[in-house]
Each structure stands twice: as structure tokens, then as C-alpha cells.
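Trainee: coords please:
(chains A and B)
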Amino acid sequence: MIEFKNINKTYKLGKNNTIKALQSIDLHVKEGSVVVIRGSSGSGKSTVLSLISAIAKPTSGEVIVDQKQISKLSDKFASEYRLNNIGIVFQKYNLVEEISVEQNVILPLIPKNMDLQEVQKKVDHVLDLFSIKHYKDTAVKNLSGGEQQRVAIARAYINEPKIIIADEPTANLDEALSLEFIEILKGLKKENKTVVIATHDPLFFDLGIVDQYITMKNGHIV
Amino acid sequence: MNKYINLYLLEYAINSLLRQRYKNIFIISILTFLIFLLTSIFFITHAIKSELQYTVDSLPQITVQKLISGKHYDIEVQRLDKILTITGVNDATARVWGYYYFANAGVNFTLIGIDQFEKQYKNSLQKLVQSSVEFDESNAYVGQGVYEIMRKNYFNEYFNFILPDGSLNKVNIGGVFKADTNLESNDVIVISKDNMRRIYGMSDEFATDIVVEVLNDNEVDTIASKIKIMFPDTRVITKNDLKVSYQNIFDYKSGLFLALFTVSLFTFFIIVFDKASGLSSTQRKEIGVLKAIGWSLEDVLKEKFYEGVLISVFSYLLGVTLALGFVYLFQAPLLRDIFSGYSELKTAFELPFILDLQTLVLVFFLSVPIYIASIIIPSWRVATMDADEVMR
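Mentor: Numbers count the residues shown, from 1 in each chain, chains lettered A, B, ... in the order given. So this is what the prediction gives:
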């Protein structure tokens, strides 16, 4: 489902300063599998996620998702690809803190300009699924870290994407909340979603639901 | 669902504005004030220009004044007969007029003497004599400003003019004189020529000046030259000369408005420059996140467009409404005084209401699209970058 062919990614940090985030990466992820990318900070985990979600383009190589090369999509088609295929859970959730839970969850639906009833049905379902319906009208800034993460997952899930990407999803959670996230993960696995998680949390290192572990170091898969 | 306007996007734009409500209230206040100031300036300028245009239109085609060594003297009435012999001259009238200082109020009135049996040189005066009023020695018709000043000084029914020998000449106030414009009639007192002569100690053989009516407008300059040759001791003023003179007074005063206008524009462009120069890190990150969750460049720009439209159109409508109320309802206090005339009598002339669409369109294009552009351009710069790069 997801294929990296000889991917290199270099970031320019100034005129003469560059960082080689990924070097000659090849990988293959099957549909419906849960993949954990592990490695220390700066190893290139997040960059892999950015390339899968087409929010960054590789310096060279090909990223293929569902037999389509997404690494050379124009901005318009890359947005469309993300909207229909990808749900992202950011490390710091990246929610709009001042607006309500419902308004945050709706955000990925806005570009689709759907019918009000359809939107409401989807939102109610997702809020129910992630047990945050009672916070529907609460401003996100008033929620705890775990609750905010549920909102972030609901936002990633609402468009029913095939691929869910999570960048250090438990970095800001205590163990109990991290285990709760793992339970959600199991649910996503049951729904045959492809889940790619970048983490260095040991909790994920011995999970039965994980189909594939990828270990990264200095931009290489080891 | 409305396919033309994405209401969810509009709701998000409103929420986005509310999230920074104090900053946006400040921007709306500044924008509204600038639009209000600009529109008021244009409205006042336009209204006064129209008022002056009416005044100029009512002026005589040629005015002949006697001038010796630059000093103005009364002119002999008999010169009328010679002027009337010039080919192209339709009529000529000897005018008796002047200023009268009213010490109680510290103002100058403009006195105009008329003979109701003569043809009047102004439409407003012609209308006055045709409205069945008696122009005997006992009556005076006063402009609105004069009327109010007299009432304040308890001259409700009559007024006493002081004659050159110190005695008093009592005239009854017959009514309010209204010309085509308030500028023209506000400080005027119309009385009989005989009364005027008595007040100024002027004999029947003299007049203040002579006004000449010419059949063909194109011949005005030629006839003016002929009068000058005929009477070298005169100054011959054409309507065009007076028009230029009025325009100069207007232009001088509009310079003050230009200064206000420049300050307004300068402030507006500082705001625009500040907006256009970049986004805060929070705003940049927000655009990055929206793009990461599937918003396209078009969606981001559309949302920013809504934000710009909401702020600028609201400010525009509010500013224009305030300007309309300020100029036409409250008669532009403070600003109007700059234009209130060269007489010391600065009371009640009204700014005529003229729906000046040109001004409304001009102010709209000077404010709304420029503000919207200042919102969209920096957002476009950020939204065209990779979301990954923006969020880092």
C-alpha cells in the first residue's frame, strides 16, 4: 500500500547549512497493518510520516501510495490526497484551542462543503466513538491532555481515511492514557486502517497488534 | 448546502476573528475612523463645490467698478446709458450694495438695495420682488443667518440702521430671504435702493457698481474689453474671473482637507503594510495544520478572504454610515467651519445632501480591496510552502 523507493530528504536550514533527514530509504507497508517507526529524536521518523502524508516532498526518490506516486503531486492534488486518504495525529495535537471540540473535529470536513445533516451525523458518530460527546461544546483549551488527544484522533478519523499517521502520540500522556490510546489503536486495526506511528515510547515495542517495526538511525533504516 | 458560499468556512473565519477579538476590534475602529474621515472629507468637498457652483452660476456676467489708484469709488449711474449702446449688451443695472457692521454681534451683514420696478440682476431677487412683497422704505428681507442673529439681539420685528449723521433708520423685518444657495443668502439683508442710499449717504447719481447682461456668452470678454476702453477708470470683472477667485478660496481651504486626507491614507497604509509584512508564528502554524489535515491553498485563501471581507466591509459600511450622519444630519461640526465662508457671519448654511456614488465607490476601492489584499498576500506566501516546513 505504501512504498518508498530510494528516498532522500534534505532540509535547508540556511544558505550553506543542510540536514540529510533521510538517506536512501526503501520501505513497504501493507494495507491494514499497524507499523511502528522507532528511533531517537532526529533519526528521521517524523520525516517519513511527512512524506507519507504528502505534507513534504522528497528531495529524490518516489513515494507510492495505492499505486499512485504522491511525491510529485501538485499542491491541489496533494491536499485532495490528504483530505481523502490521510488522518494525522500530531505530537502536540495542533488543535485550535479557543474553539469547541465539535468545531475542531469538523475542520477536515470544511473543504468538502457537505450537507449539514451529513456533517452532523459524522460528527456525532466520531464523538461517540472516541467518548468525547459530552465535551462537544467545550473549548479545547479547557480539556486535559488525554481528552485533547481524543479530539485530535477524532479529527484525524472523521474523513474515514485509509491511513492514520501518529507522531509521538503518547509523548505527552501518562501511562494510563497511553494504554487508552493503544486501545483506540486496536479499534482502528479492527477497521482495517493502515496505521503508521512514529514513537520512541517503549510501550509500543512489544504490542501484539503491531505488524511491522521499523527502526531508524541518522536517516537510515537499520 | 450553499455551493457558492461555504458556510462552515465562513463560520471558521468568524471564529478566527473572534479568537483575536481585541486586536480585530482595534483594527475595525481604526479602519472605520479612517473611512469615516475620508468619506466625510469627500462629502463635504462635494457638497461645498456644488454650493459654490450654484453661487457662481448666479453671478452677473460682467461687473463694472470705478477704481482710482486701486481704491474703489461709487460709479456714476449715467454710465449705464453708454454701456447699453455697446452691441451685444442686453441689459445693464446699477447696483447699490455694501457691508454693514453690526457691532452687537461683531459681524458684517451684506446689504443689497433693490428697486422693485426694475428688472433684477439675480433670479433670487427677481423671485423676491415677484412674491408680492412691498419694497418701500420700511421693509427689509434678511437671510437665515442674519435673521437668527437679529433675534438673538432682540430685533424680532424691526432693525435700526445707523445713518452717517448718527441718527437711526428703522426698517421692519418683512421676512426671510432665500436664494438658491444658503452660502449666497445667509448674511444678506435686502432693502430698497432709497434706504440703501440713505444708510450709505449716497446720492441718486451714484451706484456701488454696474452689472451687465450679455446676450451671447462668447462675447463677454470682448464686451468687457470695450467697457474698459470706454471707461479707463474702471475695473471690469467677468463671471469667469470671479469663478477663478472663488475656486482659489476653495482650493486654499481644501488644502487643509488634503492634509487630513493624506494623514488618513498614510495611517491606513501603515496598517496595511503591517498586515502584509508577515504572519505571527501561531498564524503560520495554523495554516500549516489546516493544510496538513487536507485544506487546499484555495480553501486557506478563501477563509482569509472571508476574514478580510468581514472586517473591511463592516468597517466600510460603518464608516460611510457615520460619515453620512456626521455630514448631512449633524452638518459636519468642526470640519465644516473650515469652509464656512469669507464673511464673519458663519451661521446656518446647510450642506446639501447629494448622493455621491463616485465618492462611495472611490472610498470602497481605496479601503476594502487593499485591506483584503493585505490579509491574503502573507497567507498566500505561507500557504504555498510545504505544510511540513511551515509547522517546523
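
Trainee: what are the phi and psi values at the residue nearest to the spatial centre of chain A?
Mentor: The centre of chain A sits closest to A:Ile165, judged by CA atoms, centre = their mean, with a distance of 2.1 Å. When read as degrees, to the nearest 10, the backbone of A:Ile165 gives phi -120, psi 130.

Trainee: read off the pLDDT value for the residue of the stretch 201-350 of chain B at minimum distance from chain A.
Mentor: Closest residue of the stretch 201-350 of chain B to chain A, CB to the nearest CB: B:Gly294 (3.1 Å). To be clear about C-beta, it is placed using only N, CA and C from the backbone, and glycine gets the same treatment. Model confidence at B:Gly294, expressed as pLDDT, equals 91.

Trainee: try B:Phe339
Mentor: 59.

Trainee: list the buried ones in the helix or strand of chain A with the lowest mean pLDDT?
Mentor: The helix or strand of chain A with the lowest confidence, counting by mean pLDDT, DSSP states H and E, is helix A:175-190 at a mean of 86. Within helix A:175-190, the residues scored as buried using 16 or more other CB atoms under 10 Å in any protein chain shown are A:Leu177, A:Ser178, A:Glu180, A:Phe181, A:Ile182, A:Ile184, A:Leu185, A:Leu188, A:Lys189.

Trainee: try stretch A:28-48
Mentor: Here stretch A:28-48 shows A:29, A:32-39, A:43-48 as buried, counting by 16+ other CB under 10 Å.

Trainee: one more: stretch B:270-281?
Mentor: Here stretch B:270-281 shows B:Ile271, B:Val272, B:Lys275, B:Ala276, B:Leu279 as buried, counting by 16+ other CB under 10 Å.

Trainee: with respect to B:Thr321, which of those residues is nearest?
Mentor: B:Thr321 lies nearest to B:Ile271 out of the buried residues of stretch B:270-281, by CB to CB, at 20.7 Å.

Trainee: A helix includes that closest one, no?
Mentor: Yes. According to DSSP: H, G, I helix; E, B strand; the rest coil, B:Ile271 belongs to a helix.

Trainee: circling back to that earlier point, ok, the buried residues of helix A:175-190 vs chain B, which is closest?
Mentor: Taking the buried residues of helix A:175-190 together and measuring to chain B by CB to the nearest CB, the closest member is A:Leu188, at 17.1 Å.

Trainee: that closest one contacts A:Ile164, doesn't it?
Mentor: Yes. Contact between A:Leu188 and A:Ile164 holds when scored by CB atoms under 8 Å: they sit 6.0 Å apart.

Trainee: any residues in contact with both of the two?
Mentor: The contact sets of A:Leu188 and A:Ile164 overlap at A:Tyr157, A:Val195 (CB atoms under 8 Å, 6 or more residues apart in numbering or on different chains).

Trainee: what strand or helix carries A:Ser24?
Mentor: Using DSSP states H and E, A:Ser24 falls within strand A:18-29.

Trainee: so in that sheet, which strands flank the helix or strand following that strand, and in what orientation?
Mentor: Using DSSP H and E, the helix or strand that follows strand A:18-29 towards the C-terminus is strand A:34-38. Strand A:34-38 pairs in its sheet with strand A:194-199 (parallel), strand A:212-217 (parallel), by DSSP bridges.

Trainee: can you put the buried residues of helix A:175-190 in a markdown table and add distance to A:Arg155?
Mentor: Listed next are the buried residues of helix A:175-190 as a markdown table, based on distance: CB to CB, whole Å:
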| residue | distance to A:Arg155 |
| --- | --- |
| A:Leu177 | 17 |
| A:Ser178 | 19 |
| A:Glu180 | 17 |
| A:Phe181 | 15 |
| A:Ile182 | 19 |
| A:Ile184 | 13 |
| A:Leu185 | 16 |
| A:Leu188 | 14 |
| A:Lys189 | 19 |
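
Trainee: can you give me the mean pLDDT across stretch B:351-365?
Mentor: Stretch B:351-365 comes out at a mean pLDDT of 83.

Trainee: run through who's touching it.
Mentor: B:35, B:38-39, B:42-44, B:46-48, B:50-51, B:181, B:316, B:319-320, B:327-328, B:331-332, B:336.

Trainee: quick one: buried ones out of those residues?
Mentor: For these, buried by 16+ other CB under 10 Å: B:35, B:38-39, B:42-44, B:46-48, B:51, B:181, B:316, B:319-320, B:327-328, B:332, B:336.

Trainee: what about A:Ser131, how many residues nearby?
Mentor: Neighbourhood size, A:Ser131 [other CB atoms under 10 Å in any protein chain shown]: 13.

Trainee: whichever strand or helix holds A:Asn84 vs strand A:194-199, what angle?
Mentor: Element membership for A:Asn84, per DSSP H and E: helix A:75-85. With axes from the mean of the first three to the mean of the last three CA atoms, to 10 degrees defining the directions, helix A:75-85 sits at 100 degrees from strand A:194-199.

Trainee: so what's the gap between whatever helix or strand comes next after helix A:75-85 and the chain middle?
Mentor: Downstream of helix A:75-85, the next assigned helix or strand under DSSP H and E is strand A:86-89. Distance of strand A:86-89 from its chain centroid, counting by CA atoms, centre = their mean, to the nearest Å, is 4 Å.
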